[in-house]
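Chemist: Based on what follows, work out the 3D shape:
(one chain, ligands or ions: 2)
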Amino acid sequence: MKTNTAHKRHAHDVDISRLEMMRTYLSSLMDEANQKKMMECSFDVLEPIYNGATRMSPKSIFINNGSAEDINYIRQKALEIGEEFELAQDGHTCHFDGPNDQGRDTANTKYLANADTEISSLQKKEELQVGVVEARTIITDIMKTKEMIISFISRGPIGSPVSDPTLQVTDSYYVIHSEFMLYRMMDPTTFSKEVADKGYMFKNYHSAGRLTESMVSADLQDRRIYMDVEHFRSYSSNNQYAGNSIAPKKINHRFANMNNIRNYFGERLDEHMFIAGFEMEDEIVYFGGAYPSGCGKTGTSMTGTHLVGDDLAKIFIDTKSGEVRAVNPERGMFGIIEGVNEEDDPETLKVLKGGGHEVIFSNLLVSDGKPYWNGMGETLPEKGINYLGDWSTQAGTPASHKNARFTITLDALENYDPATEDPAGVKLSGLLFGGRDYTTMPTIVMAHDWMSTVVHGAIIRSATTATEIGADGSEKRSPFANEAFFPGPLAHYINHYKAFGENPAIDEDNLPSGFQVNYWLHKSGRGTLAPGEPDGLIGEKRDTKVWMRIMALMHTGQVESIWTPIGRIPKYQDLKKLFSEIIDKDYDKSTYTKQFSLYVDNLIERIDMSTMEFSKEKGMPDAFFLVLDTWRRDLVALKVTVGSIVTPDQMIEYVMTNQPR
Ligand code: SPV
Ligand code: MN
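Modeler: Residues are numbered from 1 along each chain as shown. Ligands and ions are numbered 1, 2, ... in the order given. Here you go, the predicted structure:
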């Protein structure tokens, strides 16, 4: 097994006097029970704790060993200091982030790297030493009046070869309460052993900083999310919103991607994907689905009969079976709450309403101990409090923030798949890529081959959403829906993806199919609106169940599909049957034609734009541009024969007469 040897320390290197010195110092900040837990930490694990403590000068230190007792202490403290407050339902609490701390802070999120480490053209880089000095200056003495909490996390099922040992240092009980629900926690002994075995760990320092009376970060001018990719060490200061503060989520997802490129090239992918299984006749077909933040990824994962994850996937090759498999680095869901209602997402709603399961709500409206959010399908109360303070219907502000969230454990959901905890993961049959695209891509296109899968993933574009501070809804590139979380140059990512699918360890029959999906087609994007007709989505949220099923059938070859230059599309008769069987809906031909026609000019424009954008990246493989060129050539020929808009029926006829492949 390859390991990050640079970070590996051998037992004989341990400097006993230094170990003693660290223990003595840390002991002075702990009670006896915590000292005992500290003694379980190896030198390698203790050192970053010591470094954090000497820098941030906490009033005291709490070592969280993941036991029920320790978690209860964390829960209690979050309530006691006011980072969370109790709601009427047992086990339900609410947390508010500050009015200007409601999404990921892209402006202050930077990679710290050596001068010769290349960073993605879509991301921000700061020279390592400069960035470290800035971050350290900000966090110096930041915990003077607070307790420092140390937690030991496994990003993935305990015992999985791809799980990342992850150390979290923070002064926020809310952060640890959330991480307890979202990740697997370990005790210091198991963690120390895991770090020794794997040869690396992710190290995260977080502080919410000085808090206001309403218990939100006060010094937003000093908000930083700095990620040192040379040492897998992060500094996150003066923030609380989970996407900034909960390092095992997106901060460490970025480290995992860097680790793959350096140590597991063409062997492992860390993707911004849900993992969900769909029950077919005699098997469960699992998909990984990548959608930009706020584009329905969690909702889509909920249409699966076997839910493994809703946000992140660690994908790897099982060399024994030749299968592509995936585990979820998480075990919980941090989902957008807007629009969770009886009709669109009854399973999630049940958990959010019913007792028996722990829930942390954030940034919504609370009235009489009850949480309310936009799109919940209930009348809102006249008054309450939300993340902005006192709220009333007269205020004219929305009751809940667009990025208001709920945190739950996956096993609270009825479609939870116990395979989520299997260190060997589940076999993936398909990779889905989708953006918020109102005009161009048909609803489903199955890639012709692996290289086309890579291209489909690379060229998705999406309207920006409330998950990032300052997003204005304009369209931007969103390669693999993962570009915000991939530190290296895009060409590295693309070469790595290409190499993954071409890895000889994958048995040919076990290569996942690639799909570009698009649920966001608007009426105005597919023909003209009648005078006075309001614009809107062509499909409905519940259609997703049908889309998932047809893709599973297309992958296994149980239905025929139609060749097009950019990939294969499903046939009307099959969809009509599935719509009726699965969601009891009459699916008419004109809707099908709108959703699956090729708008050739739009597609050519997308191809030209992508070719131009990716040509600027150094070191792209020729095979990438060959795919785009071939799509373009075949689309131009199609347009000459058929026209600018090609319906599926015309496509079938064209294929029969012209035999284009
Ligand atoms: C996302 O925005 O993609 C999320 C939430 O999953 S977070 O990354 O934590 O902001
Ligand atoms: Mn996400």
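
Chemist: residues touching the closest residue to P648 other than its chain neighbours, list them.
Modeler: Once flanking residues are discounted, P648 sits nearest to F596: 4.9 Å by Cβ to Cβ, 6 or more residues apart in numbering. C-beta: built from backbone N, CA, C; applies to glycine. F596 sits next to 442-444, 569-570, 647-648 when contact means Cβ atoms under 8 Å, 6 or more residues apart in numbering.

Chemist: F596 and T467: what is the separation?
Modeler: Distance of F596 to T467, computed by Cβ to Cβ, to the nearest Å: 29 Å.

Chemist: Now N252. Nearest residue, chain neighbours left out?
Modeler: That would be F202: by Cβ to Cβ, 6+ apart, it lies 4.7 Å from N252.

Chemist: how much space between that neighbour and T409?
Modeler: According to Cβ to Cβ, F202 stands 22 Å off from T409.

Chemist: Please apply the same query to R136.
Modeler: Distance of R136 to T409, computed by Cβ to Cβ: 35 Å.

Chemist: Which residues in the helix or strand that contains D634 does the neighbour count mark as buried?
Modeler: If you go by DSSP states H and E, D634 is part of helix 622-641. The neighbour-count check on helix 622-641 (16 or more other Cβ atoms under 10 Å) flags 623-624, 627-628, 630-632, 634-635, 638-639 as buried.

Chemist: again with stretch 407-421
Modeler: For stretch 407-421, burial by neighbour count (16+ other Cβ under 10 Å) applies to 407-410, 412-413, 415-417, 419-421.

Chemist: Number of residues surrounding the closest residue to C41 other than its chain neighbours?
Modeler: Counting by Cβ to Cβ, 6+ apart, the nearest residue to C41 once its immediate chain neighbours are dropped is P188, at 4.7 Å. By the criterion of other Cβ atoms under 10 Å, P188 has 23 neighbours.

Chemist: And P188, how close does it get to N34?
Modeler: 11 Å.

Chemist: Common neighbours of these two, please.
Modeler: I63.

Chemist: Out of the contacts of F596, which sit inside helices?
Modeler: P648 (DSSP state H).

Chemist: which of the contacts of F596 sit farthest apart?
Modeler: I444 and T647 (15.5 Å; Cβ to Cβ).

Chemist: Give me the more crowded residue out of these two.
Modeler: I444 (26 against 17).

Chemist: buried ones in stretch 36-55?
Modeler: Buried, per 16+ other Cβ under 10 Å, within stretch 36-55: 37-38, 40-53, 55.

Chemist: Check those one by one and keep those near ligand 1.
Modeler: Residues of these in contact with ligand 1 (Cβ under 6 Å from any ligand atom): none.

Chemist: in this protein, what spans have low per-residue confidence?
Modeler: 1-13 (pLDDT under 70).

Chemist: who in it is up against ligand 1?
Modeler: 104, 242-243, 249-250, 293, 311, 334, 467.

Chemist: any chance of those residues in TSV, with secondary structure, distance to ligand 2 and neighbour count too?
Modeler: Formatted as TSV, these follow (DSSP: H, G, I helix; E, B strand; the rest coil; distance: Cβ to the ion, whole Å; neighbours: other Cβ atoms under 10 Å):
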residue	secondary structure	distance to ligand 2	neighbour count
R104	strand	9	22
A242	helix	10	23
G243	helix	8	24
K249	coil	8	23
K250	helix	7	21
S293	coil	5	25
D311	coil	4	24
F334	strand	8	21
T467	coil	7	21
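
Chemist: and those, which two are the farthest apart?
Modeler: Spatial extent of the residues of the chain next to ligand 1 (Cβ to Cβ) is set by the pair R104 and D311 at 13.0 Å.

Chemist: domain assignment for this structure?
Modeler: 29-81+98-263, 274-331+417-596, 333-412 (automatic domain parsing).

Chemist: What distance do you get for the residue nearest to D634 when sequence neighbours are not counted to D437?
Modeler: Nearest residue to D634 in three dimensions, chain neighbours excluded: P565, at 3.4 Å (Cβ to Cβ, 6+ apart). Going from P565 to D437 by Cβ to Cβ gives 18 Å.

Chemist: And L167, by the same measure?
Modeler: 39 Å.

Chemist: Likewise for P512?
Modeler: 22 Å.

Chemist: do the same with S42
Modeler: 49 Å.

Chemist: ditto for E605
Modeler: Here the criterion is Cβ to Cβ. By it, E605 lies 12 Å from D437.

Chemist: Next, the contact list for the one residue in the stretch 201-350 of the chain that gets nearest to ligand 1, please.
Modeler: Closest residue of the stretch 201-350 of the chain to ligand 1, Cβ to the nearest ligand atom: G243 (2.3 Å). Contact analysis of G243 by Cβ under 8 Å, 6+ apart lists 103-104, 249-250, 467.

Chemist: For those residues, work out which two are farthest apart.
Modeler: Maximum pairwise distance in the contacts of G243, criterion Cβ to Cβ, is 13.1 Å, between G103 and K249.

Chemist: if I read this right, N503 contacts I317, doesn't it?
Modeler: Yes - N503 is in contact with I317 according to Cβ atoms under 8 Å; the separation is 5.9 Å.

Chemist: more crowded one of these two?
Modeler: I317 (22 against 16).

Chemist: was I right about the more buried one contacting E502?
Modeler: No - using Cβ under 8 Å, I317 is not in contact with E502, being 11.4 Å away.
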